[in-house]
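>>> Below: sequence and its predicted model.
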Amino acid sequence: MSINKPAGVLYSALLFIATVHTAWAGVCLFTKYPVNGLPVNVTLVVNNVIENPTFKSSQTISLPQTYLISVVSAAADVNKVFQYSAQYYSNLGLMITAINNVFANQQKRTYWEFIDAKTLKPLECGVSTFVPFNEDVILFNLTTY
Ligand SMILES: *[C@@H]1O[C@H](CO)[C@@H](O)[C@H](O)[C@H]1NC(C)=O
Ligand SMILES: *[C@@H]1O[C@H](CO)[C@@H](O)[C@H](O)[C@H]1NC(C)=O
């Protein structure tokens with residue numbers, strides 16, 4: 001029996017990602033949730049208590065329902081603290097590597113964790129697959145692993 005190579009490679013990539021960026025691995029990596037386009041208010045909070053200078057900011061965005069990455073872009077347009085850098089991984093989507101110029105750092109074992117602020121649970125999807133609902137509050141928290 002031969003191993004299904006693409007699946008194996010993808011699985012290794014996922015394991016790596018799951019280890020290094022726990023918040024990124026989740027059930028909806030391969031499935032884009034439908035977007036209904038109805039108006040939503042989504043509040044984003046960014047919190048960095050690790051790197052100096054520390055910062056915290058929050059921004060509520062009103063827009064037609066869309067993927068989280070578009071909500072972050074809309075927040076960045078009105079609040080510079082939400083300016084971000086992201087890297088695109090084939091078939092997996094975007095991963096945010098920095099917010100407000102603070103990069104995830106392997107030496108310092110830091111990464112940006114995305115948390116549902118109401119349940120305090122990490123999001124199960126990446127920013128380009130997660131679709132926030134009306135009144136959702138999403139916390140981007142610089143943390144360590
Ligand atoms: C979003 O917030 C605004 C201002 O509070 C409110 O007028 C509007 O009804 C809200 N939209 C939704 C979809 O809840
Ligand atoms: C945010 O990150 C800080 C630093 O790692 C941590 O102490 C805090 O518990 C985190 N907040 C949440 C809600 O996970």
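Received it, and whenever you're ready, just let me know what you need. Numbering: from 1, shown residues only. Ligands and ions are numbered 1, 2, ... in the order given.
>>> do you know how far Val45 is from Asn91?
30 Å (C-beta to C-beta, to the nearest Å). Just so you know, the C-beta spots here come from the backbone N, C-alpha and C atoms, and that holds for glycine as well.
>>> quick one: which of the two has more around it?
Val45 (17 against 10; other C-beta atoms under 10 Å).
>>> SS state for the more buried one?
Val45 falls in the strand class when you classify it by DSSP: H, G, I helix; E, B strand; the rest coil.
>>> where does it land on pLDDT?
You'll see Val45 listed with a pLDDT of 98.
>>> Hmm, it is touching Lys118, no?
No - shown here, Val45 and Lys118 do not form a contact pair, counting by C-beta atoms under 8 Å, at 11.5 Å.
>>> Next, show the common contact partners of those two.
Val137 (C-beta atoms under 8 Å, 6 or more residues apart in numbering).
>>> give me every residue that touches the most centrally placed residue in the chain.
Residue closest to the average C-alpha location in the chain (C-alpha atoms, centre = their mean): Val127, at 4.0 Å. Residues near Val127 by C-beta under 8 Å, 6+ apart: Tyr67, Leu68, Ile69, Val72, Ala86, Gly93, Leu94, Met95, Ile96, Phe114.
>>> Looking at pLDDT only, which of the residues you listed scores worst?
Sorting those by pLDDT puts Gly93 at the bottom of the list (85).
>>> How much space separates the closest residue in space to that one that isn't next to it in sequence from Val45?
Excluding the flanking residues, the one nearest Gly93 by C-beta to C-beta, 6 or more residues apart in numbering is Ser128, at 3.8 Å. Between Ser128 and Val45 the distance is 20 Å, computed by C-beta to C-beta.
>>> Next: Tyr145.
20 Å.
>>> do the same with Glu113
For Glu113 relative to Val45 (C-beta to C-beta), the value is 12 Å.
>>> And the helices in the chain?
5-20, 68-78 (DSSP state H).
>>> between these, which gets the lowest average pLDDT?
helix 5-20 (a mean of 44).
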